[in-house]
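> Task: produce atomic coordinates for the following.
(chains A, B and C)
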Amino acid sequence: MKIAQDVLSLRSSRRCQMIDITRQVSELVTQSGIQNGCATVYCPHTTAAVTINENADPDVPHDILLTLEKLIPQNLPGYQHNEGNSDAHVKSSLIGCSRQIFIHNGSFVLGPWQGIFFCEFDGPRSRTLHVQISGE
Amino acid sequence: MKIAQDVLSLRSSRRCQMIDITRQVSELVTQSGIQNGCATVYCPHTTAAVTINENADPDVPHDILLTLEKLIPQNLPGYQHNEGNSDAHVKSSLIGCSRQIFIHNGSFVLGPWQGIFFCEFDGPRSRTLHVQISGE
Amino acid sequence: MKIAQDVLSLRSSRRCQMIDITRQVSELVTQSGIQNGCATVYCPHTTAAVTINENADPDVPHDILLTLEKLIPQNLPGYQHNEGNSDAHVKSSLIGCSRQIFIHNGSFVLGPWQGIFFCEFDGPRSRTLHVQISGE
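Purely as a prediction, here's the structure:
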């Protein structure tokens, strides 16, 4: 059993944005040499998240972000946090700060339409992600 | 440390549906022979998800699906994805595509009311789930 | 590879509440002696959840709970579950019943603002959490 720990750096360019990081995470798996196991992508930021969804049609990320903005407006009466980004904290907890992807024979077990996305909810900013790969 | 990788097949019968898969996943754990560790259920589809919630009263899954439909209607002004299932993609990312269940002495560490559910948001369809069991 | 399994007990004092459990989980990691790997916090209750978000400003948990209450009112027309807590079941599945935190050189890989929270949605109650720590 081997455990590899890595960091990915990226930069968002809008307040809300989904950035496909499938290729970068996949490269870390190849570098780790782990053939069977699991990769976990972890976001250490409280106004961002990680999700897995369709990366074939860019309209899918667009519609996900649109729905989140309609559900959770930036200013809700009663917000007490005074940085103007309470909505981003809520979205972070709803989408979640990490996701796991299985590794089988050196490749990701992703569905044919699935990609891994970093979700920015309070950009633009420079961000980092932690990736842990464990297996054999 | 042992890693077992399996696939479950199932078929949904409605557009939105929660299907209890606790028994099927539990059988894979028994077959793996792993006594202590973790089972992860992963959904490779972008319009479906996996959750853990009450499987004693079928009204609970009903009410969860009802709330999701009220929050995220099938047609929201501004949707660009032209397959009419943007709501299903959003629900997939909100509920999440995988869940972990601990294994202790060969049995699941589930709460007394908890069951594992496949969540269909764009059925009816044939679906598969990946299950990875790791431990000793 | 070592696997440690522990239980945390806590008591909520309000119907909806986020309780910072970072220190308690961190102590279990220290006790396990595991230097590199992962801790998973699992909630066996179907009307509660686990999340990671900002624990510096208490207004952030306040605003998260406020948003969830506005999105998912306690009584929605059409609810069939007759315990009056369908909203809590929905929140549990939206936030999710478990979270993972990496361990590197004996310490958590948490962002500078991140803490681990137990989320109570149907308190006040006595609750337990399961913690599994795996690694070397």
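
> count of residues packed around A:V41?
Look at A:V41: counted by other Cβ atoms under 10 Å in any protein chain shown, it has 26 neighbours. The way it works is simple: take the backbone N, C-alpha and C, and place the C-beta from them, glycine included.

> Let me see the contact set for it.
Counting by Cβ atoms under 8 Å, 6 or more residues apart in numbering or on different chains, A:V41 touches A:I21, A:V25, A:V50, A:S98, A:R99, A:I101, A:I116, A:L129, A:H130, A:V131.

> Report the buried residues of the helix or strand where A:I103 lies.
Assigned by DSSP states H and E, A:I103 falls within strand A:98-104. Across strand A:98-104, burial judged by 16 or more other Cβ atoms under 10 Å in any protein chain shown covers A:S98, A:R99, A:Q100, A:I101, A:F102, A:I103.

> Mind listing the strands the helix or strand encompassing A:C38 pairs with, and their directions?
A:C38 belongs to strand A:37-42 when assigned by DSSP H and E. Paired with strand A:37-42 in the same sheet, following DSSP bridges, are strand A:98-104 (antiparallel), strand A:126-135 (antiparallel).

> Make a markdown table from those strands and add distance to B:I64 and mean pLDDT to it.
Shown next, in a markdown table, are the strands paired with strand A:37-42 (distance: least, Cβ to Cβ, whole Å; pLDDT from 0 to 100):
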| stretch | distance to B:I64 | mean pLDDT |
| --- | --- | --- |
| strand A:98-104 | 21 | 98 |
| strand A:126-135 | 30 | 98 |
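
> ok, the host helix or strand of A:I52 near chain B or not?
A:I52 is part of strand A:48-54 when elements are defined by DSSP H and E. Yes - using Cβ under 8 Å from any Cβ of the partner chain, strand A:48-54 comes into contact with chain B via A:T51, A:I52, A:N53, A:E54.

> which one of those residues sits closest to A:L76?
A:T51 (22.4 Å; Cβ to Cβ).

> ok and the residue in chain A nearest chain B?
A:G111 (3.1 Å; Cβ to the nearest Cβ).

> who's in contact with the nearest residue to that residue once chain neighbours are set aside?
Nearest residue to A:G111 in three dimensions, chain neighbours excluded: B:P44, at 3.1 Å (Cβ to Cβ, 6 or more residues apart in numbering or on different chains). The contact partners of B:P44, by Cβ under 8 Å, 6+ apart, come to A:V109, A:L110, A:G111, A:P112, A:Q114, B:C97, B:T128, B:L129, B:H130.

> Could you identify which of the residues you listed has the most neighbours?
Within the contacts of B:P44, B:C97 tops the neighbour count with 26 neighbours, counted by other Cβ under 10 Å.

> which intervals of chain A have sub-threshold pLDDT?
Low-confidence segments of chain A, defined by pLDDT under 70: none present.

> What ranges does it have for its strands?
Using DSSP state E, the strands of chain A run over A:2-11, A:17-20, A:37-42, A:48-54, A:98-104, A:107-108, A:114-120, A:126-135.
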